[in-house]
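**Q** Build me a model:
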Amino acid sequence: MRIAIASESDEGLEGKVAEHFGRCPYYTIVQVEGGAIESVEVVANPFYGRHIPGEAPAFIRDQGADVIIAGGMGRRAIALFQRYGIRPVTGATGRVRDVLEDFLKGRLSEARPCPGGEAHEEV
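**A** Model prediction:
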């Protein structure tokens, strides 16, 4: 399973999860097999600072992600990820390593759109 986690820095597993998937500066991409971390890669968000609707979800799809984890995302982004066959997960806060562990143990599993605000409805 390939898991993309919206991240505030390029510190990999030691970094902090970003509040919003499309506006984060980095994505930490973790390859997990049989519950064990196989590899960790950090990629820059090419759309950071210049939001283009629909481009960040397509970028995550192109990274081969099966799951996207973030603090939050809008309703349209959730729907787009689902159309791509990528499982969106929201409500994540804290260190990437801890959030990944919570997800793998089933403690973080659903996607709810950010409440209110047009900025969170962007894809």
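
**Q** Contacts for the helix or strand where residue 28 lies, please.
**A** Using DSSP states H and E, residue 28 maps to strand 26-33. For strand 26-33, the external contacting residues (C-beta atoms under 8 Å, 6 or more residues apart in numbering) are 1-10, 12-13, 15, 18, 37-45, 60, 63, 65, 96, 100, 104. Quick note: C-beta positions are derived from backbone N, CA and C, even for glycine.

**Q** Then stretch 87-99?
**A** For stretch 87-99, contacts defined as C-beta under 8 Å, 6+ apart pick out 5, 7, 11-17, 28, 66-73, 77-78, 81-82, 102-103, 108-114.

**Q** Type out the ChimeraX command that picks the buried ones from these.
**A** Provided next is the ChimeraX selection string for whichever of the contacts of stretch 87-99 are buried by 16 or more other C-beta atoms under 10 Å:
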select :5,7,12,13,15,16,17,28,67,68,69,70,71,72,73,77,78,81,102,103,108,111,113,114
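
**Q** ok, what's across the strand from residue 29?
**A** Residue 29 forms beta bridges with residue 4, residue 41, as assigned by DSSP bridges.

**Q** oh, and call the first residue 2 from now on, that's how I've got it
**A** In the new count, where the first residue is 2, that last one comes out as residue 30.

**Q** okay, it: pLDDT?
**A** Note for residue 30: predicted pLDDT of 98.

**Q** any idea of the pLDDT on the residue located most distally from the centre of the chain?
**A** Distance from the C-alpha centroid of the chain, by C-alpha atoms, centre = their mean, peaks at residue 35 (20.6 Å). Residue 35 carries a pLDDT score of 91 in this model.

**Q** can you check residue 115 too?
**A** 64.

**Q** and what of residue 55?
**A** Value for residue 55, per-residue pLDDT: 85.

**Q** Check which helices and strands the least confident helix or strand in the chain by mean pLDDT sits against.
**A** Every helix and strand of the chain was ranked by mean pLDDT, DSSP states H and E. The lowest is helix 76-85, at a mean of 92. Under the contact criterion of 3 or more C-beta pairs under 8 Å, 6 or more residues apart in numbering; DSSP states H and E, helix 76-85 touches helix 56-63, strand 88-90.
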